[in-house]
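1. Sharing a model prediction with you, sequence too.
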Amino acid sequence: MPRLVVISNRVAVPKARGVAGAQGGLAGALNAALKANGGIWFGWSGQETPDFSGSINYVRSADGVTTATIDLEPQDIEEYYNGYANSTLWPLFHYRIDLTKYEREFGKGYERVNERFAESVLPLIEHDDSVWVHDYHLLPLGERLRSMGVSNKMGFFLHTPWPPANLFVSLPYHERLVRAMLHYDLLGFQTAVWLESFLHYCGKELGADVDTETGAITLDGKTTIARAYPIGIDFDYFTVMGKTDAAAQAEERLLSSTRNRSAMIGVDRLDYSKGLPERLDGISRFFDRYPERVRDLVFIQIAPPSREDIGSYKDIRALLEQKAGQINGACSEVDLVPVRYVNKGYSQEELIGFYRAARIGVVTPLRDGMNLVAKEYVAAQDPENPGVLILSRFAGAAEQLDCHGEGAVLVNPYSADEMAHAIRVALDMPLEERKSRYHKMIVTVREENVHEWTASFIADLAGVAA
Ligand code: F6P
């Protein structure tokens, strides 16, 4: 099996320094891929340096994964990470053109950092390696590497949605960006919907020859394959973590603090795409409509801060504090507070314990590539007494966890009424129905796991480029 060179903006944060809740799904997934295949993981260290040198820090982790990282200059971080990646592409890819910033300097910084990534990783790529690039930070990296003579098999996976063509064309130089992506041999998307949007764009805007059956896109004599590969969790590892003392203690901690109220839990990076204000509006509507149920439900929102230097992220934080405060002001009693809003991350083990203790898991992004919290919530449940997953129909995970209407309770996250109704349905759901929904969802969560995801992407990469 060829060695893997994984390239992403962020690499896994060693356990002691980070918290699972703050990392997003990508880190855990790639760690699992590298453990299985061997190789190297290259990316940004998350650190600043006054002058970019390209010098690489190597760290070999206890589980055998080698990371190679570079530091970036403050201007790089501002224009590439805070700028083009997270103030232009991120909002645009989540259909938020109202928040999308189109600044020339951001675009230049993005090109510069992709060039720096390419120059730095180039000496690490050996003849037979497969190169696997991840996410919207590095869309043009494959083209940069090709221009430096890399002829290895190269794949790319997008962890976010891909927007409809009529939104994407709002991006200056959109054609150049997608033409650069077609230098990869294989492009992976989370769901059939994002894949369709991409294929549609290539046909309509670039005039490429697109075969929607096979995902083959042919332009200027070169063919790239695009397919959907829904990412999963590391189910076996997750099961082991669920049996630890830390998980049991966290479960007990939550249960004893909620006493005879049912807990509903949300765990999300503090990001406007996650639909957190809308979620609080749904909860507020639930308490307005069923005031007596304030003694039945406690809502716990864990939201570790994210991308704090960006204005739209500061705004969302302020808005949430205000909304959580309003609900608590209006609905609290001397002996109870209905909303617990926590701005910090927890370890994977603790989160599993919290998920297991919560009768309802609420995952209601306005738009999300996949959302692994939904899958983690299901995986953490006690099969004999499982909780209910309330899931946004706009999360990629809904394609898999709807289970023909017999899995997650799907909602429109923009509708406070629908959310309030779903909370009531979930709270009152009889044990037999909870079990039946759980059993349908757990099959997908267990079978379509991260090892399957990695294996099928790598197998296709070997096949398409042959
Ligand atoms: O999954 C999307 C993603 O942007 C990942 O690329 C990233 O690791 C995660 O969310 C967390 O975001 P950030 O790296 O900006 O903290």
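-> Received, thanks. Numbering: from 1, shown residues only.
2. Tell me where the stretch 201-350 of the chain has strands.
-> 209-211, 216-219, 222-228, 262-267, 297-302, 339-342 (DSSP state E, counting those that start in this stretch).
3. what does the stretch 151-300 of the chain have sitting close to the ligand?
-> In this structure, the stretch 151-300 of the chain approaches the ligand at residues 159, 160, judged by CB under 6 Å from any ligand atom. Glycine gets a C-beta too; all of them are placed from N, C-alpha and C.
4. shaky segments in the stretch 151-300 of the chain?
-> Using pLDDT under 70 as the threshold, the predicted model of the stretch 151-300 of the chain has no low-confidence range.
5. Quick check, the residue in it closest to the ligand?
-> In the stretch 151-300 of the chain, no residue comes nearer to the ligand than residue 159, which is 4.0 Å away by CB to the nearest ligand atom.
6. That residue - how many residues pack around it?
-> By other CB atoms under 10 Å, the residues close to residue 159 number 22.
7. now swap in residue 193 and tell me
-> When neighbours are defined as other CB under 10 Å, residue 193 has 17 of them.
8. Kindly report the same for residue 308.
-> Using other CB under 10 Å, residue 308 has 10 other residues around it.
9. For it, grab phi and psi.
-> With angles defined as degrees, to the nearest 10, residue 308 shows backbone torsions of phi -70, psi -10.
10. where's the nearest residue to it once chain neighbours are set aside relative to residue 305, distance?
-> Closest residue in space to residue 308, ignoring its immediate chain neighbours: residue 314 at 7.0 Å, by CB to CB, 6 or more residues apart in numbering. Between residue 314 and residue 305 the distance is 10 Å, computed by CB to CB, to the nearest Å.
11. With residue 381 instead?
-> Separation of residue 381 from residue 305 (CB to CB): 28 Å.
12. Residue 455 too?
-> Note on residue 455: its distance to residue 305, by CB to CB, is 35 Å.
13. ditto for residue 364
-> When residue 364 is compared with residue 305 (using CB to CB), they lie 19 Å apart.
14. Next: residue 165.
-> In this structure, residue 165 lies at 34 Å from residue 305, with CB to CB as the measure.
15. now residue 38
-> If you go by CB to CB, the gap between residue 38 and residue 305 works out to 35 Å.
16. Same question for residue 134.
-> Counting by CB to CB, the separation of residue 134 from residue 305 is 23 Å.
17. So if I had to pick from those two, which one is more boxed in?
-> Between residue 134 and residue 305, residue 134 has the larger neighbour count (other CB under 10 Å), namely 24 against 16.
18. can you pull the contacts of that one?
-> Applying CB atoms under 8 Å, 6 or more residues apart in numbering, we find residue 134 in contact with 6, 7, 8, 9, 26, 30, 156, 157, 159.
19. Flag every buried residue along the helix or strand where the second one lies.
-> Going back to what we said before, that points to residue 7. With elements taken from DSSP states H and E, the one containing residue 7 is strand 4-10. Of the residues in strand 4-10, those buried under the neighbour-count criterion (16 or more other CB atoms under 10 Å) are 4, 5, 6, 7, 8, 9, 10.
20. Dump those residues into CSV; add pLDDT and distance to the ligand as well.
-> Rendered in CSV, the data for those read as follows (pLDDT from 0 to 100; distance: CB to the nearest ligand atom, whole Å):
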residue, pLDDT, distance to the ligand
4, 91, 18
5, 95, 17
6, 95, 12
7, 96, 12
8, 94, 7
9, 95, 6
10, 89, 4
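21. What distance do you get for residue 241 to residue 64?
-> Taking CB to CB as the measure, residue 241 falls 18 Å from residue 64.
22. swap in residue 342?
-> Computed with CB to CB, the distance linking residue 342 and residue 64 is 34 Å.
23. same deal with residue 350?
-> 25 Å.
24. Those two - which one has more neighbours?
-> residue 350 (23 against 9).
25. Residue 214 contacts residue 226, correct?
-> No. Using CB atoms under 8 Å, residue 214 makes no contact with residue 226, being 9.4 Å away.
26. more neighbours, these two?
-> Neighbour count, other CB under 10 Å: between residue 214 and residue 226, residue 226 has more, with 26 against 12.
27. Beta-bridge partners for the more buried one, please?
-> On the basis of DSSP bridges, residue 226 takes part in beta bridges with residue 187.
28. for it, what are its contacts?
-> For residue 226, the residues meeting the contact criterion (CB under 8 Å, 6+ apart) are 186, 187, 188, 189, 195, 198, 199, 215, 217.
29. and the gap between it and residue 76?
-> Relative to residue 76, and taking CB to CB, residue 226 is found at 29 Å.
30. next one: residue 368
-> 27 Å.
31. Can you give the distance of the host helix or strand of residue 376 from its chain's centre?
-> In the assignment (DSSP H and E), residue 376 maps to helix 372-380. Taking CA atoms, centre = their mean, to the nearest Å, one finds helix 372-380 lying 13 Å from the centre of the chain it belongs to.
32. list the helices and strands that helix packs on?
-> Contacts defined by 3 or more CB pairs under 8 Å, 6 or more residues apart in numbering; DSSP states H and E place helix 372-380 against helix 25-37, helix 235-242, helix 348-357, strand 360-363, strand 388-392, helix 398-401, helix 431-447.
33. buried ones in stretch 33-49?
-> Residues of stretch 33-49 classed as buried under the neighbour-count rule (16+ other CB under 10 Å) are 33, 34, 35, 37, 39, 40, 41, 42, 43, 44, 45, 46.
34. for residue 214, what are its contacts?
-> Residue 214 makes contact with residue 225, according to CB under 8 Å, 6+ apart.
35. buried ones in the longest helix along the chain?
-> The residue-count maximum for a helix in the chain (DSSP state H) belongs to helix 311-331. For helix 311-331, the buried set under the neighbour-count rule, 16+ other CB under 10 Å, comprises 312, 313, 316, 317, 320, 323, 324, 327, 331.
36. Next: stretch 179-196.
-> Neighbour counts using 16+ other CB under 10 Å place 179-191, 193-196 of stretch 179-196 among the buried residues.
37. now swap in stretch 140-157 and tell me
-> Of the residues in stretch 140-157, those buried by neighbour count under the rule 16+ other CB under 10 Å are 140-146, 150, 152-157.
38. now the end-to-end length of that stretch.
-> Counting by CA to CA, to the nearest Å, the length from the leading to the trailing residue of stretch 140-157 is 12 Å.
39. Tabulate the buried residues of stretch 33-49 (JSON lines), appending distance to the ligand and pLDDT.
-> Written out in JSON lines, the entries for those read as follows (distance: CB to the nearest ligand atom, whole Å; pLDDT from 0 to 100):
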{"residue": "33", "distance to the ligand": "14", "pLDDT": "73"}
{"residue": "34", "distance to the ligand": "15", "pLDDT": "83"}
{"residue": "35", "distance to the ligand": "18", "pLDDT": "77"}
{"residue": "37", "distance to the ligand": "20", "pLDDT": "76"}
{"residue": "39", "distance to the ligand": "19", "pLDDT": "87"}
{"residue": "40", "distance to the ligand": "18", "pLDDT": "93"}
{"residue": "41", "distance to the ligand": "12", "pLDDT": "93"}
{"residue": "42", "distance to the ligand": "14", "pLDDT": "96"}
{"residue": "43", "distance to the ligand": "9", "pLDDT": "96"}
{"residue": "44", "distance to the ligand": "9", "pLDDT": "96"}
{"residue": "45", "distance to the ligand": "12", "pLDDT": "95"}
{"residue": "46", "distance to the ligand": "8", "pLDDT": "94"}
